[in-house]
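> Show me how the following folds:
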Amino acid sequence: MRLKPLAAALLSATMVTQLAACGTVFYPERRGQMTGEIDPAVAVLNGIGLLLYVVPGVIAFAVDFATGAIYLPDRRFSLAPEALHPAVDAKGEVDPQALKAILWQELQLDLPVEQAQRVSQPQPAQLATLGIVPRA
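Alright, predicted model coming up:
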């Protein structure tokens, strides 16, 4: 009799993880990518879900493709937030020339950052990654 609740809990946990999609669970930072190379590990895990449970496997693939979590990150344009420290002053303002120099040095990109505009207020977590204390 104890085996039934254990089996039900195990089946429920398996179904929930499959419905959540492997790439979205394992790599939430990848969400929002539109294209790229498909991550073989995520594709295999979703494929296993497809073999074991058809509907959750299809949903896992659909969620991963829709969110972009199935794609490998594009290494050509990756830059650690710590590398941007010299471009940000104590007030949290960005020096466009310093930013342009960092982008050129690290990524060999010549972007027109002089015309860049702030789209939204930075979140405290974003400021914390740059080592900036948000103003109250």
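
> from here on, contacts and neighbour counts on C-alpha atoms
Will do.

> What residues of stretch 5-14 count as buried?
Of the residues in stretch 5-14, none has enough neighbours to count as buried (16 or more other Cα atoms under 10 Å).

> Residue 73 contacts residue 36, doesn't it?
Yes. Counting by Cα atoms under 8 Å, residue 36 is a contact partner of residue 73 at 7.4 Å.

> least trustworthy helix or strand in this structure by mean pLDDT?
Least confident helix or strand of the chain, by mean pLDDT, DSSP states H and E, is helix 124-129 with a mean of 68.

> hmm, back to that, so for residue 73 and residue 36, which sits in the more crowded spot?
With neighbours defined as other Cα atoms under 10 Å, residue 73 and residue 36 compare such that residue 73 has more, 20 against 12.

> what's the nearest residue to the more buried one if we skip its chain neighbours?
Spatially, and ignoring its direct neighbours in sequence, residue 73 is nearest to residue 30 (6.7 Å; Cα to Cα, 6 or more residues apart in numbering).

> separation between that neighbour and residue 90?
Using Cα to Cα, to the nearest Å, residue 30 is found at 30 Å from residue 90.

> These two: which is more packed in?
Set residue 30 next to residue 90 and count neighbours by other Cα under 10 Å: residue 30 wins out with 19 against 11.

> which regions of the chain lie under the pLDDT threshold?
1, 14-21, 74-78, 116-122, 126-136 (pLDDT under 70).

> At the geometric centre of it, which residue sits there?
Within the chain, the residue whose C-alpha comes closest to the C-alpha centroid is residue 29; the distance, by Cα atoms, centre = their mean, is 1.5 Å.

> what residues are up against that residue?
With contact taken as Cα atoms under 8 Å, 6 or more residues apart in numbering, residue 29 is in contact with residue 69.

> oh, and call the first residue 12 from now on, that's how I've got it
Got it, first residue is 12 now, which makes that one residue 40.

> three-state assignment of it?
When states are read from DSSP: H, G, I helix; E, B strand; the rest coil, the local structure at residue 40 comes out as helix.

> distance of it from residue 21?
Computed as Cα to Cα, the residue 40 to residue 21 distance reads 28 Å.

> what's the answer for residue 56, then?
As for residue 56, its distance to residue 21 is 18 Å (criterion: Cα to Cα).
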